[in-house]
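Asker: build me a model:
(one chain, ligands or ions: 3)
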Amino acid sequence: MPINPRRALIVFFSLRVTNMVFSEDLFNKSSPEYKALEQRFLELLVPYLQSNLSHFENLEILNFRNGSIVVNSRMKFGRPVARGVTTTVYLILEDFCNTAYQTMNLAIDKYSLDVESDQADPCKFQACNEYAECKVNKWSGEAECVCNAGYFSVDGLPCQSICELQTDFCLNDGKCDIIPGQGAICCRVGENWWYRGEHCEEYVSEPLVVGIAIASVAGFLFVASGVLFF
Ligand SMILES: *[C@@H]1O[C@H](CO)[C@@H](O)[C@H](O)[C@H]1NC(C)=O
Ligand SMILES: *[C@@H]1O[C@H](CO)[C@@H](O)[C@H](O)[C@H]1NC(C)=O
Ligand SMILES: *[C@@H]1O[C@H](CO)[C@@H](O)[C@H](O)[C@H]1NC(C)=O
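Answerer: Numbers count the residues shown, from 1 in each chain. Ligands and ions are numbered 1, 2, ... in the order given. Reported below is the predicted structural model:
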């Protein structure tokens, strides 16, 4: 495994807690629910990892995801790192799962344990939803979810359609729709009228359009006949 000697070793891991229920607030990194659960996992895991892994530097909870509760984390090791560190981490986490159940009544699905090193795809642990694309920053190596056009993330929550986030996005009863790759559009169309503009603010009616068309055809004929006669 080629290792960049200047960089600390990063190991990602993911575990699934089966006896806890996920709530929407756990998406929100500034919510008290998120902070409390983050604190709880750090307090449980850090001393455990510190006493079992040499050169362990820190642990960061990346996010919580639904699926009971999935805890995605990243830990950093200083040099020198023992060979096969991912295997060691795996064994220690497995041991932790047993202890967690006996002492803290925390049921962790051992088969959900996923440990990957440096070369892992950081996007996997970011777990972006279907309305986002994961982008990796070339310099920091950190991954983030970037919402598709027409979708937005509020307080780190999964990307949501602007039509849902902002119910008054369309004026004049316009129907809000997301056009893939372009963003939100709204517009209501009637028999011989429609609205136009980004928020459907402009009324267009067919008689008016027909009038303009007739006027321009008449104007053209007038100019054309002028050319023929002179
Ligand atoms: C979590 O997933 C379960 C099962 O798919 C679903 O019923 C529940 O609504 C989800 N919870 C949230 C907060 O998204
Ligand atoms: C996220 O949590 C903060 C703090 O509780 C709250 O002020 C904010 O409204 C929440 N955001 C969303 C989108 O729920
Ligand atoms: C890890 O450390 C804890 C104490 O913090 C200890 O009880 C446990 O046996 C250790 N596990 C391994 C695999 O060494």
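
Asker: near ligand 1, which residues of the protein are found?
Answerer: Proximity of the chain to ligand 1 (Cβ under 6 Å from any ligand atom) is limited to residues 22-24, 66. Backbone N, C-alpha and C define where each C-beta goes, glycine included.

Asker: what do you get if the cut-off is 5 Å, keeping everything else the same?
Answerer: If contacts are counted using Cβ under 5 Å from any ligand atom, the residues of the chain sitting beside ligand 1 are 22, 24, 66.

Asker: closest one of those residues to residue 170?
Answerer: Minimum separation from residue 170 among these (Cβ to Cβ) is found for residue 24, which lies at 25.4 Å.

Asker: which one is that closest one nearest to, not counting chain neighbours?
Answerer: Taking Cβ to Cβ, 6 or more residues apart in numbering as the measure, residue 24 lies nearest to residue 157, with 7.8 Å between them; neighbours along the chain are not counted.

Asker: give me the neighbour count for that neighbour.
Answerer: A count of nearby residues for residue 157, using other Cβ atoms under 10 Å, gives 16.

Asker: what about it, which helix or strand?
Answerer: In this assignment (DSSP states H and E), residue 157 forms part of neither any helix nor any strand.

Asker: residues contacting it?
Answerer: When the contact criterion is Cβ atoms under 8 Å, 6 or more residues apart in numbering, the partners of residue 157 are 24, 27-28.

Asker: out of these, which are buried?
Answerer: Judged by neighbour count, with 16 or more other Cβ atoms under 10 Å as the criterion, the buried members of these are 27-28.

Asker: looking at the contacts of residue 157, which one is closest to ligand 1?
Answerer: Set against ligand 1, the nearest of these by Cβ to the nearest ligand atom is residue 24 (4.4 Å).

Asker: now that closest one: phi and psi?
Answerer: Per-residue torsions, residue 24: phi -50, psi -40 (degrees, to the nearest 10).

Asker: next one: residue 49
Answerer: Residue 49 adopts backbone torsions of phi -70, psi -40, taken as degrees, to the nearest 10.

Asker: this structure: helices as residue ranges?
Answerer: Counting by DSSP state H, the chain has these helices, from start to end: 32-52, 85-104, 162-165, 206-229.

Asker: closest one to ligand 2 among those helices?
Answerer: The closest approach between ligand 2 and any of those, judged by Cβ to the nearest ligand atom, belongs to helix 32-52 at 5.9 Å.

Asker: thinking again about what came up before, export the contacts of residue 157 as JSON lines, with columns for pLDDT.
Answerer: Putting the contacts of residue 157 into JSON lines (pLDDT from 0 to 100) gives the following:
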{"residue": "24", "pLDDT": "91"}
{"residue": "27", "pLDDT": "93"}
{"residue": "28", "pLDDT": "93"}
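
Asker: which among the contacts of residue 157 gets closest to residue 178?
Answerer: For the contacts of residue 157, the minimum distance to residue 178 (Cβ to Cβ) is 20.5 Å, reached by residue 27.

Asker: grab the nearest non-local neighbour of that closest one.
Answerer: Counting by Cβ to Cβ, 6+ apart, residue 157 is the residue found nearest to residue 27 once chain neighbours are left out, at 4.6 Å.

Asker: quick one, domains of the protein?
Answerer: 9-122, 128-165 (automatic domain parsing).

Asker: for ligand 3, find the nearest of the ones you listed.
Answerer: The closest approach between ligand 3 and any of these, judged by Cβ to the nearest ligand atom, belongs to domain 9-122 at 3.7 Å.

Asker: please see if the closest one touches ligand 2.
Answerer: Yes. In terms of Cβ under 5 Å from any ligand atom, part of domain 9-122 sits within range of ligand 2, namely 28, 30-31.
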